[in-house]
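Asks: I would like to see how this sequence folds:
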Amino acid sequence: MPKQIRFNAFEMNCVAHQSPGLWQHPRDRSKDYATLDYWTDLARLLERGKFDGLFLADVLGVYDVFGGTPEAALKHATQVPVNDPLLLVPAMAQATEHLGFGVTVTLSYEPPFPFARRMTTLDHLTRGRIGWNVVTGYLDSAAKATGRDKQNAHDDRYRIAEDYMAVVYKLWEGSWADDAVIRDRKLGVFTRPERVRKVTHQGPHYRLDALHLGEPSPQRTPVLYQAGSSPAGRSFAARHAECVFISGPSKKVIGQRVAAIRKLAAESRRDPRSILIFALMTIVTAKSDADARAKLADYRRYASPEGALTLMSGWTGVDFSRLDPDQIVEHVESEAGRTALENVTRADPDRRWTVREVADHVAIGGIGPLIVGSPERVSDELEAWVDETDIDGFNLAFAVRPETFEDVVDLIVPELQRRQRYKRDYEPGTLREKLFGRGRPRLTDGHPAAQYRWT
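Replies: Purely as a prediction, here's the structure:
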């Protein structure tokens, strides 16, 4: 039976996420990003479209690589101003029943102890619908904002992340027994003290001696997302992630990355099929191909090439303001993210990108592919991506918000349902159960976190 296609909405608590300049479009609601109404309306829309989740990006720091200043980022609202994504979740959870929430939190700049409590709290408030996108950061401006001279080296950040994960797994999985909380009014005992124990940890980067402050939540450990496609990122994802977010310019590139992740998972003694892989994609659709092309042409009138290169400079650590627009982009190593530059340099040896082409591409939906056409044409292409690359679904970026998601819900979802490639209803239970099946609210026994469970 053909694989069911899954959707996440790719969003951020800011103005211009991955389509800089489109906030100027007359139908765009980005100016409302700081209001709860925008987010609760979006959550209801996505649940109507049976999206698995809302994937919220985040960044601590400002995009100041382009030109060596934050001027372009501020001018184009390129992921600044940006608000905290976690604070949106309780309101959206209250407005929905099934939608999941994958929230990005950079572990490099937050101690594991208070973070673990925050995620336990969200897991309780959402009734088990929270996920964590585990990232290590990529901006020196974020490191400087937290008292450091610069960020740690790229691969060192993943070594630190391994130690961080051990701490939060111990807190979530091993501090409280399942039967610790009894709420016995007659005995006057809420929690049995003998069923709660201290977590001790002496690692290369973190030390801890404390009780976890939250009682066991529906999932204990949130659903784990990971978005790194570098060799170090893929290796980390193969050990820890349940859902992996990847980007790439073509099926050829994505297919290779999917195969690499599944191979690494098998080598880590995990079931390769226990990892769901989502590819970045942007859809521009209308009732006919001609109308969809006209809509894209309209969007491009508002796109900001400078804003796009500001994003690309931040992602890669390369100052694109110094490059000629018609210059071929060459690969260089930096301590920023690796994937974005890889996508436009050596990921596909048959394709060479100029700076101008990068700006045009990134300006609508970021570094992922763009599909334009009628519901039938778009659905054909989505099916081809899933069938040819072995991905499980898509993280859908937007051009105009929420219009992009409205078009997907009203036009693409019904067409995929007609083809029996998209669910008609949610599974009951937690986010993990909705993704992986009923009766699995917690991590599998084969996951690294399982070794820390209370026994």
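
Asks: dump the helix or strand that E342 is a member of to CSV, keeping only the CA atoms.
Replies: Using DSSP states H and E, E342 sits within helix 339-343. What follows is helix 339-343, C-alpha atoms only, in CSV (Å, rounded to 0.1, in the frame of the first residue of the first chain):
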residue,chain,number,x,y,z
THR,A,339,23.4,22.2,4.9
ALA,A,340,22.2,25.4,3.3
LEU,A,341,25.6,26.0,1.6
GLU,A,342,25.9,22.4,0.7
ASN,A,343,22.6,22.6,-1.1
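
Asks: list the helices and strands that helix packs on?
Replies: helix 305-316 (3 or more CB pairs under 8 Å, 6 or more residues apart in numbering; DSSP states H and E). Heads up, the C-betas are built off the backbone N, CA and C, glycines and all.

Asks: export the helix it packs on to PDB, keeping only CA atoms.
Replies: Taking Å, rounded to 0.1, in the frame of the first residue of the first chain, the C-alpha atoms of helix 305-316 are listed here in PDB:
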ATOM      1  CA  PRO A 305      16.400  39.400  -2.700                       C
ATOM      2  CA  GLU A 306      18.500  41.200  -0.100                       C
ATOM      3  CA  GLY A 307      16.400  39.700   2.600                       C
ATOM      4  CA  ALA A 308      16.900  36.300   1.100                       C
ATOM      5  CA  LEU A 309      20.700  36.800   1.000                       C
ATOM      6  CA  THR A 310      20.500  38.000   4.600                       C
ATOM      7  CA  LEU A 311      19.000  34.700   5.600                       C
ATOM      8  CA  MET A 312      21.500  32.700   3.500                       C
ATOM      9  CA  SER A 313      24.400  34.600   5.000                       C
ATOM     10  CA  GLY A 314      23.200  33.700   8.500                       C
ATOM     11  CA  TRP A 315      22.600  30.100   7.700                       C
ATOM     12  CA  THR A 316      26.000  29.600   6.100                       C
END
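
Asks: ok, and what's touching it?
Replies: 16, 18, 20-21, 63-66, 72-73, 75-79, 138-139, 318-321, 334, 336-337, 340-341, 355-356, 358-363, 366-367 (CB atoms under 8 Å, 6 or more residues apart in numbering).

Asks: if you count neighbours, what's buried in the helix or strand that the helix holding E342 is followed by?
Replies: Downstream of helix 339-343, the first helix or strand assigned by DSSP H and E is helix 355-362. By neighbour count with 16 or more other CB atoms under 10 Å, helix 355-362 contains the buried residues 355, 357-359, 361-362.

Asks: angle of helix 355-362 against helix 305-316?
Replies: Interaxial angle, helix 355-362 versus helix 305-316 (axes from the mean of the first three to the mean of the last three CA atoms, to 10 degrees): 90 degrees.

Asks: and the next element down the chain from helix 355-362?
Replies: strand 370-373.

Asks: so where's the stretch 251-400 of the chain shaky on pLDDT?
Replies: Low-confidence segments of the stretch 251-400 of the chain (pLDDT under 70): 333-338, 346-347.

Asks: and G248, how many neighbours does it have?
Replies: 25 (other CB atoms under 10 Å).

Asks: swap in Y426?
Replies: By the measure other CB under 10 Å, the count of residues near Y426 is 16.

Asks: ok, now the one 5 residues further on?
Replies: A count of nearby residues for L431, using other CB under 10 Å, gives 29.

Asks: who's in contact with it?
Replies: L431 is in contact with 53, 100-101, 126, 128-131, 219, 223, counting by CB under 8 Å, 6+ apart.

Asks: and it, how far is that from L323?
Replies: 42 Å (CB to CB, to the nearest Å).

Asks: picking up where we left off before, which of the contacts of helix 305-316 are buried? Put it as a ChimeraX command.
Replies: In ChimeraX, a selection of the buried entries from the contacts of helix 305-316 looks like this (16+ other CB under 10 Å):
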select :16,18,20,21,63,64,65,66,72,73,76,77,78,79,138,139,318,320,321,336,337,340,341,355,358,359,361,362,363,366,367
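
Asks: quick one: end-to-end distance for stretch 72-92.
Replies: 32 Å (CA to CA, to the nearest Å).

Asks: now that stretch, how far from the centre of its chain.
Replies: 15 Å (CA atoms, centre = their mean, to the nearest Å).

Asks: I'd say L323 and V355 touch.
Replies: Yes - with contact defined as CB atoms under 8 Å, L323 counts as touching V355 (4.8 Å).

Asks: overlap in contacts of those two?
Replies: Applying CB under 8 Å, 6+ apart, one finds that L323 and V355 are jointly contacted by V329.

Asks: circling back to that earlier point, so which of the contacts of L431 belong to strands?
Replies: 53, 100-101, 130-131, 223 (DSSP state E).

Asks: burial of P441, as a residue count?
Replies: 16.

Asks: a strand runs through it, doesn't it?
Replies: No - the assignment for P441, made by DSSP: H, G, I helix; E, B strand; the rest coil, is coil rather than a strand.

Asks: just give the nearest non-adjacent residue to it, would you?
Replies: T430 (4.5 Å; CB to CB, 6 or more residues apart in numbering).

Asks: same deal with E162?
Replies: F236 (7.4 Å).

Asks: pLDDT score assigned to the one you found?
Replies: For F236, the model assigns a pLDDT of 91.

Asks: before we move on, which element is it in?
Replies: F236 belongs to helix 231-240 when assigned by DSSP H and E.

Asks: residue ranges of the helices in the stretch 1-150 of the chain, please?
Replies: Along the stretch 1-150 of the chain, counting by DSSP state H, counting those that start in this stretch, helices occupy 36-48, 71-76, 89-95, 112-125, 140-145.

Asks: and of these, who's closest to R377?
Replies: Proximity to R377, assessed across the helices of the stretch 1-150 of the chain by CB to CB, is greatest for helix 36-48 (22.9 Å).

Asks: if the residue nearest to the spatial centre of the chain is in a bridge, with which residues?
Replies: Geometric centre of the chain, nearest residue: F55, 4.9 Å, by CA atoms, centre = their mean. For F55, the beta-bridge partners under DSSP bridges are F10, G102.

Asks: just T78 next, same as before
Replies: Assessed by DSSP bridges, T78 has beta-bridge partners A16.

Asks: that one and Y63 touch, don't they?
Replies: Yes - T78 is within contact range of Y63, at 5.4 Å (criterion: CB under 8 Å).

Asks: intersection of neighbour lists for these two?
Replies: With CB under 8 Å, 6+ apart, T78 and Y63 have common neighbours 72, 310-311, 314.
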